[in-house]
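> here's a sequence, model it:
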Amino acid sequence: MSQMMLRSLVFLCIILFSKSVFSKEIPIIVISAGKTPQSYSSVGSQVTIIDSETIENSSGSSLIELLDSEVQGLNIFQLGGKGTNAGIQMRGLPKRYSTIYIDGVKMYDPSAPDNAFYAEGLFKDSIDRIEILKGSQSSLYGNGAVGGTINIFTKKGKIGKHQDAIVRAGENNTQDVFYSIDGANEKQNYYMGFNYYSTDGISAMSNDTEDDPYENNSLVANYGYKISENNTIENSLTLKDSYLKYDEPTAGRDDTKNSSDNFEAHYSFKFKNINNNFKNTFGISKSATSRMITKYTGRESTYEGFKNMFTYLGEYNFNLDNKIVYGSDIEFFKGKFPTDPGLVKTTDEEIHSQYVDYQFRPYENIYATIGGRNDIHTTAGDEQSYRVTGAYDLGRNSKIRSSYGTGFLFPALYESGQYGWSNQVADMINAEKTTSFDIGYETYFNTLDLGFNITYFDILVEDPIMGSNNTFFQDNVPGAENKSKGIELATNWTDNKKLNIGFNYTLTKSYSGMDCDKPKKDAFGYTSCLDLNNGPIDSAMVRVPLHAISSKINYQINKDLNSSLLLTYKGRTRDYGGTDYSFRDQILDEYLLLDLASSYKIGEGLKFNFSLKNVFDKNYENALDYSGMPRTMNIGLNMKY
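Just a heads-up that it's a prediction; the model follows:
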């Protein structure tokens, strides 16, 4: 897409919004910004909320599809079709710099190379609400909360007894079945949701035609009991069993034997006590993951990760406008890694943390927080982090907000050489350190019924960890810096009756000081960080587009029929790789996608859904040599009773 077309898209959206008139803002309570309920208007960090209605009405079935269509400032890439490895990049940083929580449990796999969590296996139907908190939040959330955190809250039982069933079918022999039961009374609540998903898939690689099937069985269960007026317990369980045939990024290789058989289990228990102005929450969580990888040679290797956490969260309310939040975490994690056929290396590490966050209102229209944290890692040592946030209420549904904080990312077991096959000396590798700043303005024009939100952000990563493909040596890169700064813009307008239009634009100027410091032409004729036809592109983080635009238009045709259109544009993007082991910089082409979706209410509690993704069957890549999803049609039936 040319620059002229990009400007035309922006101009078209501005024209659409200029004719507007819209609905009034509804007061919102958020939890993730301070680990305690607070009014959205008093939050100094940038928070994006996806509520239950938005989740239910979204056309996709997975968490990845939901985030990609509903959240500004997130860059999501996937290495092929459903079930393949996906990355969620916040504020221009690789996915390892953001953390995901489900019902307060931190999700990651200690046996993965970067402690990553495989979010591609999560489906939306058991999710009640999502809060995305952006910027360095390590003072509250600890290790890895640099680009931000994604807090997922699963469904709980509601008063009475209910059942929900959803059946979806689509191309590539895709089958998606969901069933849940829930209920509640004055003493207890329960919820259980089961999801089965299966597809023949597409070829992950663009250089072959072999389909890569995927199957996923998952369960989400919650149970809460009110012991007394001031004491409650909560239990949460998540299980996932999945199987994927996958492709390797090597040209000419036979991938028919490649597969990944994964199992995950996550459980948490919480005891909550309220005593006058004090609130106390004691928690225990346990996680286990197992990935059996079968390579093209037929060799099987099993990677296992285990995590236990003991948490305490305290809160003292001085009054309605002043409170202090404090806590302590102890985290134990262990990995099992096959070093040779029949040999397994087992290792473990610990993180001990203490934190405090003071939330107060110094003046009538000003809300602020100041907090700090200390973390002790058994091999990487101590790290301290802090943050300061402020929100200034301008009145008339407008505010200015800003946050400044530091963060850190401890090395994964893989990076610290704890698996035994690396020549890394574990106690010589340190945490990556970050500094994050953002400032934003939000307003709601009542006369126009138009919401407007703009944010500037700037993040610096020092002492980044990088490895060598030849020696498998992982270490901090002396003097290197990774940087990311940009602007996030979002508007939303509706006529309050039938039409709703949303528009998001993100400009991300990222810089990788590790692997693309000085652009130059190499022996293969490729120019590092340059596109010979279109000129230079900055030494950007891989797979982070300079420009990203999305616009979603919903139209309520009548009381039973609703339709939506989603436009997604991603500009030229740098990637790094190759199928011949000669890794080098490449430039991925810009692309524009169009998705359509409709839902029809057949009767009380019964709804028919239809979606057509990538309407024009555009060939595109959001990762080098990996196929984007072709045109895909899906239909579904949702029954509530």
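
> where do the helices sit along the chain?
Here the chain has its helices, by DSSP state H, at 3-17, 52-57, 63-70, 138-141.

> who's in contact with the shortest one?
Right, the one you point to is helix 138-141. With contact meaning Cβ atoms under 8 Å, 6 or more residues apart in numbering, helix 138-141 is reached by 34-35, 99, 101, 106, 144-146, 149, 355, 357, 371-373, 385-387, 405-408, 434. For every residue, glycine as well, the C-beta is placed using N, CA and C.

> give me the mean pLDDT for it.
Helix 138-141 carries an average pLDDT of 92.

> the second one now?
Along helix 52-57, the predicted local confidence has a mean pLDDT of 91.

> buried sites along that helix?
55-56 (16 or more other Cβ atoms under 10 Å).

> which elements pack onto it?
Helices and strands touching helix 52-57, as assessed by 3 or more Cβ pairs under 8 Å, 6 or more residues apart in numbering; DSSP states H and E, comprise strand 127-134.

> could you redo the last one with a cut-off of 10 Å?
helix 63-70, strand 127-134, strand 591-603, strand 606-613 (3 or more Cβ pairs under 10 Å, 6 or more residues apart in numbering; DSSP states H and E).

> mind checking which of the contacts of helix 138-141 are in strands?
Residues of these located in strands (DSSP state E): 99, 101, 106, 149, 355, 357, 371-373, 385-387, 405-408, 434.

> show me the contacts for the most centrally placed residue in the chain.
When Cα atoms, centre = their mean is applied to the chain, the residue found nearest the centroid is residue 88 (4.8 Å). When contacts are counted by Cβ atoms under 10 Å, 6 or more residues apart in numbering, residue 88 touches 63-64, 67-68, 71, 74-77, 94-95, 98, 100, 116-117, 119-120, 132, 147-148, 150.

> show me what it bridges to in the sheet.
Taking DSSP bridges as the rule, residue 88 bridges to residue 76.

> count of neighbours near residue 161?
Counted with other Cβ atoms under 10 Å, the neighbours of residue 161 add up to 13.

> distance of the closest residue to it other than its chain neighbours relative to residue 604?
Nearest non-adjacent residue to residue 161, counting by Cβ to Cβ, 6 or more residues apart in numbering: residue 183, 4.1 Å away. Distance of residue 183 to residue 604, computed by Cβ to Cβ, to the nearest Å: 20 Å.

> for these two, indicate the residue with more neighbours.
More crowded of residue 183 and residue 604, by other Cβ under 10 Å: residue 183, with 15 against 7.

> count the residues that sit near residue 589.
Residue 589: 14 neighbours (other Cβ under 10 Å).

> which residues touch the closest residue to residue 271 other than its chain neighbours?
Closest residue to residue 271 apart from its sequence neighbours, by Cβ to Cβ, 6+ apart: residue 282 at 4.7 Å. When contacts are counted by Cβ under 10 Å, 6+ apart, residue 282 touches 233, 269-273, 310-314.

> so of these, which ones are in strands?
Short answer: these in strands (DSSP E) are 233, 269-273, 310-314.

> which of the residues you listed lies closest to residue 400?
residue 313 (29.3 Å; Cβ to Cβ).

> tell me the contacts of that closest one?
Applying Cβ under 10 Å, 6+ apart, the residues near residue 313 are 35-36, 104, 270, 272, 279-283, 325-329, 355.

> go again using 8 Å as the cut-off
35, 280-281, 283, 325-327.

> so which of those residues are in strands?
Those of the contacts of residue 313 lying in strands (DSSP E): 280-281, 283, 325-327.

> possible to save those as CSV with pLDDT and neighbour count?
Formatted as CSV, these follow (pLDDT from 0 to 100; neighbours: other Cβ atoms under 10 Å):
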residue, pLDDT, neighbour count
280, 97, 16
281, 97, 20
283, 96, 19
325, 96, 21
326, 97, 16
327, 96, 20
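
> quick check, nearest of those residues to residue 631?
Closest to residue 631, out of all of those and judged by Cβ to Cβ, is residue 283, at 45.4 Å.

> the residue nearest to residue 161 and residue 461, how far apart?
47 Å.

> please apply the same query to residue 181.
Shown here: residue 181 relative to residue 461, a distance of 45 Å by Cβ to Cβ.

> residue 574 too?
From residue 574 to residue 461 the distance is 17 Å (Cβ to Cβ).

> the more surrounded of the two?
Higher neighbour count among residue 574 and residue 461: residue 461, with 30 against 26, using other Cβ under 10 Å.

> ok, now which ones touch the closest residue in space to the more buried one that isn't next to it in sequence?
What sits nearest to residue 461 in space, not counting adjacent residues and going by Cβ to Cβ, 6+ apart, is residue 482, at 3.9 Å. Each residue near residue 482 by Cβ under 8 Å, 6+ apart is listed here: 93, 460-461, 464, 510-514, 541.
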